[in-house]
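A.B. asks: just coords:
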């Protein structure tokens, strides 16, 4: 399939599927050009029926083996995408049943197997990151939103993720961290230390399930009326507190704080973290602290990869600053 033919195939599949959603009279009115995202390709879709117009989002996952739209379409239906759609259905049902006025759901519309696409309603919302402001220190203004974000993540864990008593697989985690450390000049030593700690904690009690896997400042949304919603579950098996840790680290290790080695805006940040944890509720703080330490060095590697395209001198200075930044954070809880 050529790159030019791939969007046409998406259009044809959606045009054929649309009448199955709101009814036979429904039709596809408009489909945007494809928009590449980190792990998906998305389209804006407008559908018209006898009673109304609906603004929808079409998401086609992509991965290392299928990085382009044409490769993703050629790969056919994927069980992981079906599970993501089923998870969105379960989360929407859980939000409706909770009666919590502070949370919202991204409403699923359809799974289109022919193009391996998840179709959802377009929620009138912005990523949480947009509410925090560009510079550190403003997080404290968003404490109620962060409290609601903690509640929606807890709801996902309790009602959707299949939470059960289990244990930490410290051996697999240690191996993963060792591999990351082998290719990380800035964070290698810290990664090896976390790998050692992971092996020491192997078998420790943990509540496990299908974690969100990418709970960050983009995948937590805030609606126009201030409710919190969760987007794009990746369904990674593991300790559920890994989602909490990843979010706290995303909040703390924003790029804008790196220049000041995380020392600017700590007051607002502390209030923001406390609000999120208050909304989330009870947690094993010892395990959470360890998982925050792991997520911190993993985030460091992500930041390091963005420095690789810079000129040598600039890259060297950036790596030195990054090393100090990550080492200064430690266990963020």
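C.D. replies: Received the coordinates, thanks. A quick note: this is a predicted structure, and the numbers were derived from the prediction, not measured. Residues are numbered from 1 along each chain as shown.
A.B. asks: Where does the prediction get shaky in the protein?
C.D. replies: Within the chain, the stretches with pLDDT under 70 are 134-137, 255-267, 330-333.
A.B. asks: Spit out the contact partners of residue 129.
C.D. replies: 217-218 (CB atoms under 8 Å, 6 or more residues apart in numbering). To be clear about C-beta, it is placed using only N, CA and C from the backbone, and glycine gets the same treatment.
A.B. asks: no, scratch that, I was asking about residue 156
C.D. replies: Neighbouring residues of residue 156 by CB under 8 Å, 6+ apart: 91, 94, 212, 230, 233.
A.B. asks: Most neighbours of all the residues you listed, which one?
C.D. replies: For the contacts of residue 156, the largest neighbour count, defined by other CB atoms under 10 Å, is 28 neighbours, found at residue 212.
A.B. asks: Can you classify the residue nearest in space to the middle of the chain by secondary structure?
C.D. replies: Here the mean C-alpha position of the chain is nearest to the C-alpha of residue 214 (CA atoms, centre = their mean), at a distance of 2.9 Å. Secondary structure, DSSP: H, G, I helix; E, B strand; the rest coil: residue 214 is coil.
A.B. asks: What's the separation between it and residue 290?
C.D. replies: 20 Å (CB to CB, to the nearest Å).
A.B. asks: and what of residue 275?
C.D. replies: Per CB to CB, residue 275 is found 22 Å from residue 290.
A.B. asks: Touching stretch 164-174 from outside, list them.
C.D. replies: Stretch 164-174 is contacted from outside by 195-196, 198-209, 238-239, 287, 294, using CB under 8 Å, 6+ apart.
A.B. asks: Who are the contact partners of the residue nearest to residue 213 when sequence neighbours are not counted?
C.D. replies: Closest residue to residue 213 apart from its sequence neighbours, by CB to CB, 6 or more residues apart in numbering: residue 234 at 3.2 Å. Shown in contact with residue 234 (CB under 8 Å, 6+ apart): 84, 211-214.
A.B. asks: Quickly check those residues for the two that are furthest apart.
C.D. replies: Pairwise distances across the contacts of residue 234 (CB to CB) peak at 13.2 Å, for the pair 84 and 211.
A.B. asks: Just want to know which of the two has more residues nearby.
C.D. replies: Neighbour count, other CB under 10 Å: between residue 84 and residue 211, residue 211 has more, with 23 against 20.
A.B. asks: Show me the strands in the protein, by range?
C.D. replies: 27-31, 35-36, 40-48, 53-61, 108-112, 117-121, 125-127, 164-167, 205-211, 220-223, 228-230, 236-239 (DSSP state E).
A.B. asks: most tightly surrounded among the ones you listed?
C.D. replies: Highest mean neighbour count among the strands of the chain (mean count of other CB atoms under 10 Å): strand 228-230, with a mean of 25.
A.B. asks: residues of the helix ranked longest in the chain that come out buried?
C.D. replies: In the chain, with assignment by DSSP state H, the single longest helix is helix 285-307. Residues of helix 285-307 classed as buried: 287-288, 290-301, 303-304, 307 (neighbour count, 16 or more other CB atoms under 10 Å).
A.B. asks: returning to that earlier point: overlap in contacts of residue 84 and residue 211?
C.D. replies: When contacts are counted by CB under 8 Å, 6+ apart, the set common to residue 84 and residue 211 consists of 234-235.
A.B. asks: Next up, the contacts around the closest residue to residue 97 other than its chain neighbours.
C.D. replies: Computed as CB to CB, 6+ apart, the closest residue to residue 97 that is not its neighbour in sequence is residue 159, at 7.8 Å. Counting by CB under 8 Å, 6+ apart, residue 159 touches 90-91, 94, 97-98.
A.B. asks: ok, the residues you listed vs residue 113, which is closest?
C.D. replies: Closest to residue 113, out of all of the contacts of residue 159 and judged by CB to CB, is residue 90, at 19.2 Å.
A.B. asks: Around that closest one, count how many other residues there are.
C.D. replies: So residue 90, with other CB under 10 Å, has 18 neighbours.
A.B. asks: With adjacent residues omitted, what lies nearest to it?
C.D. replies: Nearest residue to residue 90 in three dimensions, chain neighbours excluded: residue 160, at 4.7 Å (CB to CB, 6+ apart).
A.B. asks: Touching, the one you found and residue 91? I think so.
C.D. replies: Yes: between residue 160 and residue 91 there is a contact under CB atoms under 8 Å: 5.2 Å.
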